[in-house]
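Trainee: A structural model of the following input is requested.
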Amino acid sequence: MLINLGAALRGLGENESAIKTYDRAIKHKVQLADAYYNKGRALQSLDKFEEAQDNYKLALSINDKEADTWVNLGTVQRELCLIRSATTVLNKLVHMAVVDHEQDFEIEHLRNLNSFLK
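Mentor: Numbering: from 1, shown residues only. Modelled structure (predicted):
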């Protein structure tokens, strides 16, 4: 229920309130991977990329099978100019082979980063 409330708040642009709601879910250990992931999205919307990165990593430490979380982690790493880290995320996604059409745009940005390293 807290995850849904946070998502509704985020959908209304109330990212600070959404973050507080996700923090409550985390405190009560409710759907932890989802709470960290969604908190990361709210933080990312506020351009708090380092904090978002931390939350995506926490989500992945609980469930590393979620391609969306990997994509968002790579995206914030791109924003933080962490090219090698973002490339590692891209490689993880390629090995997962779990990419849908909605993620193609972000994946393409991560691939572009890879070209800088060559």
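Trainee: contacts and neighbour counts: CA atoms only from here.
Mentor: Fine.
Trainee: Please, where are all the helices along the chain?
Mentor: Assigned by DSSP state H, the chain shows helices spanning 2-11, 15-27, 32-45, 49-62, 67-79, 83-96, 104-117.
Trainee: Pretty sure L90 sits against T75.
Mentor: No. Here L90 does not reach T75: they are 9.9 Å apart, not a contact under Cα atoms under 8 Å.
Trainee: Please tell me how far the residue most central in space within the chain sits from N15.
Mentor: Centroid-nearest residue in the chain: N72, 3.5 Å away (criterion: Cα atoms, centre = their mean). Per Cα to Cα, to the nearest Å, N72 is found 17 Å from N15.
Trainee: Show me the shaky parts of the chain.
Mentor: 97-118 (pLDDT under 70).
Trainee: could you redo the last one with a cut-off of 80?
Mentor: The chain contains residues with pLDDT under 80 at 93-118.
Trainee: about what we covered before: looking at the helices of the chain, which is buried most?
Mentor: Among the helices of the chain, ranked by average contacts under mean count of other Cα atoms under 10 Å, first place goes to helix 32-45 (a mean of 24).
Trainee: Pretty sure N72 sits against D54.
Mentor: No. Counting by Cα under 8 Å, N72 stays clear of D54, with 11.4 Å between them.
Trainee: how much space between A8 and I19?
Mentor: From A8 to I19 the distance is 12 Å (Cα to Cα).
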